[in-house]
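J.: Pasting the sequence and the predicted model now:
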Amino acid sequence: MLVSGHGPAREVDDSYTIGQRFAQYQDKFPGIAWPAVTWQAGQSVLFDRPYKNTGTRDLHIDVFRPAANASRIGIVLVHGGGWRAGAKTHFYALANLLAQRGYTVFLPEFRLSPEAPYPAGMTDIGDALAWARAHAGEFGVDPARIAIGGASSGGQMASLLAYAGPSGLFGAGADRTAAALIDLDGVLDFTDPEALRFENAAGDASPAARWLGGAYENAGARWKEASAASHVGAASPPTLIISSGIARFTQGKDKVIAELERNRIPNRWFAFTGAPHDFWLFDPWLDKVAQEIDGFLVALKKKDA
């Protein structure tokens with residue numbers, strides 16, 4: 001599908017939707033349900049604030065603001081969709097639950113692979129994090145306490161930014177430093193043999209290859225650079241990894257956790273049993289995701305107090 005507006009027409013892949021996933025899952029996961037989004041008095045949402053111009057169009061960010069008793073902690077969440085599809089709206093239900101727990105949640109739009117390959121989307125989410133830090137005072141957030149998180153391909157991107165961003169790989173490192181990482185079923189090491197078995201199965205036609213500019217055999221250095229596990233180290237932020245329980249989606253987590261442990265960096269691993277890959281989209285898993293994120297960030301806050 002081609003979309004045109006004030007800038008040149010661009011290709012948009014709309015194959016990944018919540019409705020499509022629900023239809024795929026409803027006979028496989030008894031009890032799966034659409035989450036009901038309810039609002040608390042005092043909550044607010046700012047939609048489609050421009051945070052960046054790519055030279056051809058604006059990119060936008062939604063901000064979910066808590067009511068009273070805000071925690072002064074922000075969370076930037078990067079949506080999934082195989083690096084080629086998806087939308088920031090997919091995180092509305094989770095962002096709402098987190099806002100009700102006192103967090104200010106930033107949901108950025110970013111360029112996907114049909115529009116621009118790696119590292120464009122990484123630069124975009126780095127700029128979104130920098131924008132959130134620069135505007136933190138406007139939203140009552142401490143700029144030093146903004147976490148980065150994401151789901152599926154967005155979890156991979158968030159992990160890469162959390163571990164490699166401070167080096168300046170995707171822009172000014174000081175502005176791309178996250179206080180914590182939240183990875184929801186995002187691959188952590190593209191070069192892991194088990195990850196390659198899935199992510200590189202279709203060669204140049206695989207979603208990862210389309211994003212990274214070629215299959216692993218032809219673009220191996222880029223696959224390694226785009227692996228969060230290649231960048232984890234002593235300066236990495238505290239990390240929460242939440243898994244569906246399907247091992248392929250968090251390949252590299254043992255390597256990452258071992259390095260975090262070696263550097264005494266707080267980390268937590270939580271895995272569902274019998275959950276779909278897109279567990280953050282649906283009940284009964286959604287509320288547990290919000291609880292895990294809240295519990296991890298609260299524990300970090302207490303540790304720093």
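T.: Received, thanks.
J.: Parallel or antiparallel, list what pairs with the lengthiest strand in the chain.
T.: Longest strand in the chain by number of residues (criterion: DSSP state E): strand 44-53. Applying DSSP bridges to the sheet, strand 44-53 is found paired with strand 58-65 (antiparallel).
J.: Dump the partner strand to PDB, keeping only the CA atoms.
T.: Extracted in PDB, the C-alpha atoms of strand 58-65 (Å, rounded to 0.1, in the frame of the first residue of the first chain):
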ATOM      1  CA  ASP A  58       7.300  14.600  10.400                       C
ATOM      2  CA  LEU A  59       7.500  11.700  12.900                       C
ATOM      3  CA  HIS A  60       5.100  11.800  15.800                       C
ATOM      4  CA  ILE A  61       5.000  10.700  19.400                       C
ATOM      5  CA  ASP A  62       2.000  10.100  21.700                       C
ATOM      6  CA  VAL A  63       2.400  10.800  25.400                       C
ATOM      7  CA  PHE A  64       0.300   9.100  28.100                       C
ATOM      8  CA  ARG A  65       0.300  11.200  31.200                       C
END
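J.: Any idea how far it is from the middle of the chain?
T.: The chain centre lies 15 Å from the centre of strand 58-65; the measure is CA atoms, centre = their mean, to the nearest Å.
J.: got the buried residues for it?
T.: L59, H60, I61, D62, V63, F64, R65 (16 or more other CB atoms under 10 Å). In this view, the C-beta of every residue, glycine as well, is placed from N, C-alpha and C.
J.: which residue sits closest to the fourth one, ignoring its sequence neighbours?
T.: Looking back up the chat, that one is D62. Nearest residue to D62, sequence neighbours excluded (CB to CB, 6 or more residues apart in numbering): L107, at 4.4 Å.
J.: Repeat that for the first one.
T.: Of all residues not flanking L59 in the chain, K52 sits nearest, at 4.6 Å (CB to CB, 6+ apart).
J.: next one: the fifth one
T.: Nearest-residue entry for V63: L46, 4.3 Å, with adjacent residues in sequence omitted and distances by CB to CB, 6+ apart.
J.: Any figure for the gap between that neighbour and A290?
T.: Going from L46 to A290 by CB to CB, to the nearest Å gives 20 Å.
J.: Of these two, which one has the most company?
T.: Neighbours were counted for L46 and for A290 using other CB atoms under 10 Å; A290 has more, 20 against 13.
J.: ok, now how distant is that one from S113?
T.: 29 Å.
J.: D192 too?
T.: 21 Å.
J.: Looking at these two, which one has more neighbours?
T.: Ranked by neighbour count (other CB under 10 Å), D192 and S113 place S113 first, with 24 against 19.
J.: Distance-wise, check the more buried one relative to W285.
T.: 27 Å.
J.: Next: A179.
T.: When distance is defined by CB to CB, A179 is 25 Å away from W285.
J.: just to revisit the earlier point, show me the contacts for the residue nearest to V63.
T.: D62, V63, R65 (CB atoms under 8 Å, 6 or more residues apart in numbering).
J.: pretty sure the second one is in contact with V105, am I right?
T.: Yes. Under the contact definition of CB atoms under 8 Å, V63 touches V105, with a separation of 7.3 Å.
J.: quick one: R268 is in a strand?
T.: Yes. Judged by DSSP: H, G, I helix; E, B strand; the rest coil, R268 forms part of a strand.
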